[in-house]
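>>> sharing a sequence plus its predicted fold:
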Amino acid sequence: MTTEGCLRVGQEAPEFMATAVFDQEFKTVKLSDYRGQYVVLFFYP
């Protein structure tokens with residue numbers, strides 16, 4: 001990561017875990033669960 005805390009193009013995102021809604025159920029997901037796949041993240045407050 002850069003000194004501003006932002007990623008640059010081509011850098012890997014840091015590992016994280018979050019609760020997500022998947023098939024109308026809450027599920028804990030990790031970024032590493034999707035290694036090697038394209039991932040699009042949406043964050044809502």
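Looks like it arrived, so ask away.

>>> can you map out the strands along the chain?
17-22, 25-30 (DSSP state E).

>>> the first one: partners in the sheet, and parallel or antiparallel?
Spelled out, that is strand 17-22. strand 25-30 (antiparallel) (DSSP bridges).

>>> what's in contact with the partner strand?
15-22 (C-beta atoms under 8 Å, 6 or more residues apart in numbering). Using the backbone N, CA and C atoms, a C-beta is placed for each residue, glycine as well.

>>> what segments of the protein are helices?
Along the chain, no segments are classed as helices by DSSP state H.

>>> low-confidence ranges in it?
Low-confidence segments of the chain (pLDDT under 70): 1-4.

>>> how close does the residue sitting nearest the centre point of it get to residue 39?
For the chain, residue 31 is the residue whose C-alpha lies nearest the centre (C-alpha atoms, centre = their mean; 4.9 Å). Noted for residue 31: a distance of 7 Å to residue 39, by C-beta to C-beta, to the nearest Å.

>>> residue 5 now?
Distance from residue 5 to residue 39, by C-beta to C-beta: 20 Å.

>>> quick check: the residue nearest to the centre of the chain touching residue 12?
No: using C-beta atoms under 8 Å, residue 31 makes no contact with residue 12, being 9.2 Å away.
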